[in-house]
Structures are given as C-alpha cells and as structure tokens.
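**Q** Structure here, sequence nowhere to be found:
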C-alpha cells in the first residue's frame, strides 16, 4: 500500500524542502551538522513542517544511534535505560522527543544533567512555543528554531514529487490548487489527502478532495502560537482601523472555538489603550460586550463581538492615556519619587477647594512641574483639552 508521506520523507539535507531560514546551506545549523558538532536542539512550529524529518536526517548524517520518544507516553525510566546504556560508550546517541512541550517539570529536570554533560544529544519537537512550555534551564542548554508553515512553492515541489510516484494519476489544476490551499502549509496533511484521494480513484477530482476534506484545515486553538497570533492580529487590525481585517481575525478566533472571555478581555484593553478618550464610549461598549457575550454564549455572541470589533476599528484612535501612565510608572520605577505637597496631603495645609473657584485654581499638586500626559487632540480628547484650557484661562 502506497504511503506518500513515508515515501517522500527526505533522507538528506539537499532533499529537505522548506525551512531555508534554518537549514539553508549558508546557515550555522547546516554547517554544524556537516561538521558533526551538534548542540541540543528544540524545533517548534505547526504540524507537517518537517521537524521530525529533519531530526532523522541529522541522526543519519552524524552517523549515530537514534531513539524516538513521544512525551505523551515517555517515562523517566525509559530515558534512564538509554542513559545507562551509553554511560561509557564512545558514541553519542541522539534522543528525539516529540511533543516535548508535554514533558513534566520533573522529566525536564532529569534531562538537565544529561544535557549538561553532553553525553547524549537531545532534539525536541513541539507544536507549541517552548518559551511558554519549557523551563529556562532547559532552554539555556539548547538552541531553539521555529519551523514556519510551508510556502505554496514548497508544497508545489512536494506535490510534484508525489505525483511522479503515483501510477497513472490524473489530476487537474483545480484539484492541485485545492490540495495546496486547503493544507495551509501542512505538507503531511496535503500528502495524506492526495494519498487517499488516489486510493478512491486515480482520476482525482476536486469533488473527491472536497468530500474527503470539506474545508481548509484550521489552526484551532490548541496551539498557543495560533491562540496569541490571531488575537494579536485582530488587535493590531483594530488599532490600524482596518475593519475588514479585524472582522476576519475575529472570525478565525470564533471558528477555532476561542473562549469568549479571552476575546473580550482584549477588546476591553484595546478600547482603553488604543482609543481612550478619543472616544470614551468605546470602553463602555467593550465592557457591555464582555458581559452580554458571556451571558448569551455562542453562536449568537458572534454578532455582539462583531458589533464591538467594527465599532472599535472605526473609532478615532489615541494612546495618550496609555503613554502617560507608562511614563509616570517608569519615572517611579527609576527611583524618581517626589514628595507630596503639604496642601494636598491628608492633613492639608493651605488647600484651596476648586469648587469655590469655578472649578479650577492655581495651586501645587506636584513637587516638580513634569508633563506626563500629552494629548493628541483626537476626537473627544480635543473637547477635554479645550475644556481644561478654558477653565484655566479664567484665572489667567
């Protein structure tokens, strides 16, 4: 039985497709592999991007024993058996740990002395960012490389190789396009779909492909990178006043089953950080969205979320308040602590009550005259600025 994924697994670095930013011929890792001077490595990125394949190629090129473990079933005793076997050996084996983000802290601690002594080479692979899942002690003993989703050109190269392996296959451009586009950079998923479509009928049609895979693959929310990347893209699109992009990333989050609380918390923050007093009602709407969307839940909550996102993206933007508090905090954290003037302390001496002076009167509020807040005079901020200037001008 044909298994395209196994057949097309690269055996050499020259055959390896993609990740040229990591394994290009002029890249440091490529040179280290050639010299057989390999550090501990951690590969992370979306599924089907070549992490396991590259680990196997490395093991073959440095001509060493290769052990493949999965962190979901790995036991500490399994590792200790391998460690003991090579205690006084002349060769340095390679241990590959898939799903390395699932290692417990105890299991990670067992690896530390082994990595330190460098009697065994450790390569870990993960779909999640190791900065979130691995301890700093583990990370400091190895090098981290992010595997990017395959480009369409990468997938085309792999697809052409696969089609040459299949006997009497007949496939049109429409079906080829769907194979590539619906796999969103996942080579394994593309080859798997091609493999089973070929087993259905050697004349591969778009209809057959769509019956096997109804829609494009989705990142879902199991990957922390997707989880945070999509949220970041939505907020940056709102900040940039791109309504359509904001709605698109909101739809991605909803379609991936993202928690309503996670989405609305970021909308509330954006309403204050990016819009602020340029449109104070943005914060009111975001908080109302947070409450109502949670109470109603999906699928109807999507409408409330969309209304809020469109409103925020369409609002005038100002980060004046955000910048002001950051500047004040930085001053304080740098040790620039000012005395509170006597006239505004709890037992005030010489305090003037502003209401007795039509809302404002000159008096000391800070030990030094420092400006933290600089208004952009955008939207309602301009009204506030004009009002403050107006009441101060009465006494000038």
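**A** Everything's here; your move. On a predicted model such as this, the values are computed, not experimentally measured, just so you know. Numbering: from 1, shown residues only.

**Q** Quick check on the nearest residue to residue 234 once chain neighbours are set aside: phi, psi?
**A** In this structure, residue 234 finds its nearest non-sequential neighbour in residue 249, 3.7 Å apart by CB to CB, 6 or more residues apart in numbering. C-beta here means a position set from N, CA and C on the backbone, and glycine is covered the same way. Residue 249 adopts backbone torsions of phi -70, psi -30, taken as degrees, to the nearest 10.

**Q** Residue 249 and residue 229 touch, don't they?
**A** No: judged on CB atoms under 8 Å, residue 249 makes no contact with residue 229 at a distance of 9.3 Å.

**Q** Looking at those two, which is more packed in?
**A** residue 249 (22 against 15; other CB atoms under 10 Å).

**Q** Next one, pLDDT for the more buried one please.
**A** We have a pLDDT of 94 for residue 249.

**Q** wait, what's in contact with it?
**A** Residue 249 makes contact with 230-231, 233-234, 237 under the criterion CB atoms under 8 Å, 6 or more residues apart in numbering.

**Q** And for residue 233?
**A** Counted by CB under 8 Å, 6+ apart, residue 233 has contacts 245, 249.

**Q** Could you chop this protein up by domain?
**A** 19-147, 152-212, 224-314, 325-393 (automatic domain parsing).

**Q** So for residue 10, which of those sits nearest?
**A** Comparison of the domains of the chain against residue 10 by CB to CB identifies domain 19-147 as nearest, at 5.7 Å.

**Q** roughly how far out does the closest one sit from the chain middle?
**A** A distance of 22 Å separates the centroid of the chain from that of domain 19-147, by CA atoms, centre = their mean, to the nearest Å.

**Q** From residue 235, how far out is residue 317?
**A** Remark: distance between residue 317 and residue 235 (CB to CB, to the nearest Å) = 12 Å.

**Q** ugh, typo on my part, it should be residue 303
**A** Distance from residue 303 to residue 235, by CB to CB: 20 Å.

**Q** So which of those two has more stuff around it?
**A** Remark: of residue 303 and residue 235, residue 235 carries more neighbours, 20 against 11, as counted by other CB under 10 Å.

**Q** Please look at that one and residue 266 and confirm they touch.
**A** Yes: counting by CB under 8 Å, residue 235 touches residue 266, with 5.7 Å between them.

**Q** Now for residue 317 and residue 235: what residues contact both?
**A** In terms of CB under 8 Å, 6+ apart, residue 317 and residue 235 are both contacted by the residues residue 274.

**Q** For burial, what's the neighbour tally of the closest residue to residue 106 other than its chain neighbours?
**A** Once flanking residues are discounted, residue 106 sits nearest to residue 76: 7.4 Å by CB to CB, 6+ apart. Counted with other CB under 10 Å, residues neighbouring residue 76 total 13.

**Q** Pull up the gap between residue 76 and residue 185, please.
**A** Note on residue 76: its distance to residue 185, by CB to CB, is 35 Å.

**Q** Repeat that for residue 28.
**A** From residue 28 to residue 185 the distance is 24 Å (CB to CB).

**Q** All the helices of the stretch 101-250 of the chain, in order from the start?
**A** Secondary structure of the stretch 101-250 of the chain (DSSP state H, counting those that start in this stretch): helices at 105-117, 130-133, 136-140, 152-165, 173-181, 187-200, 206-212, 224-239, 243-255.

**Q** Would you mind putting those into CSV with distance to residue 53 alongside?
**A** Below are those laid out as CSV (distance: least, CB to CB, whole Å):
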stretch, distance to residue 53
helix 105-117, 23
helix 130-133, 19
helix 136-140, 23
helix 152-165, 11
helix 173-181, 19
helix 187-200, 9
helix 206-212, 24
helix 224-239, 20
helix 243-255, 28
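
**Q** Which one of those helices has the poorest average confidence?
**A** Checking each of the helices of the stretch 101-250 of the chain, the one with the poorest mean pLDDT is helix 130-133, at a mean of 80.

**Q** hang on, the earlier thing: I'd like to know which of the helices of the stretch 101-250 of the chain is closest to residue 363.
**A** Nearest of the helices of the stretch 101-250 of the chain to residue 363, taken as CB to CB: helix 224-239 at 37.9 Å.

**Q** mind showing which ranges of the stretch 251-396 of the chain have poor pLDDT?
**A** Along the stretch 251-396 of the chain, the parts satisfying pLDDT under 70 run over 394-396.

**Q** Let's see that with 80 instead.
**A** Confidence mapping of the stretch 251-396 of the chain against pLDDT under 80 gives the ranges 256-257, 393-396.

**Q** Which parts of it are helices?
**A** 260-270, 281-296, 301-314, 320-333, 380-393.

**Q** so which of those helices gets nearest residue 44?
**A** Once the helices of the stretch 251-396 of the chain are compared by CB to CB, helix 260-270 is nearest, at 21.6 Å.

**Q** which helices and strands does the closest one pack with?
**A** When contacts are defined as 3 or more CB pairs under 8 Å, 6 or more residues apart in numbering; DSSP states H and E, helix 260-270 packs onto helix 224-239, helix 243-255, helix 281-296, helix 301-314.

**Q** Those helices: which one's closest to residue 381?
**A** Closest approach to residue 381 among the helices and strands packed on helix 260-270 is made by helix 281-296 (12.1 Å; CB to CB).

**Q** Give me the contacts around the closest one.
**A** Counting by CB under 8 Å, 6+ apart, 260-261, 263-265, 267-268, 270-272, 275, 301, 304-305, 307-308, 311-312, 315 sit against helix 281-296.

**Q** list the buried ones in that helix?
**A** 282-283, 285-287, 289-290, 293 (16 or more other CB atoms under 10 Å).

**Q** With distance to residue 348 added, can I get these in CSV?
**A** Output for the buried residues of helix 281-296, formatted as CSV (distance: CB to CB, whole Å):
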residue, distance to residue 348
282, 36
283, 32
285, 39
286, 37
287, 35
289, 42
290, 39
293, 45
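
**Q** Make CSV out of the helices and strands packed on helix 260-270 and add distance to residue 37.
**A** Below are those laid out as CSV (distance: least, CB to CB, whole Å):
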stretch, distance to residue 37
helix 224-239, 30
helix 243-255, 42
helix 281-296, 53
helix 301-314, 51
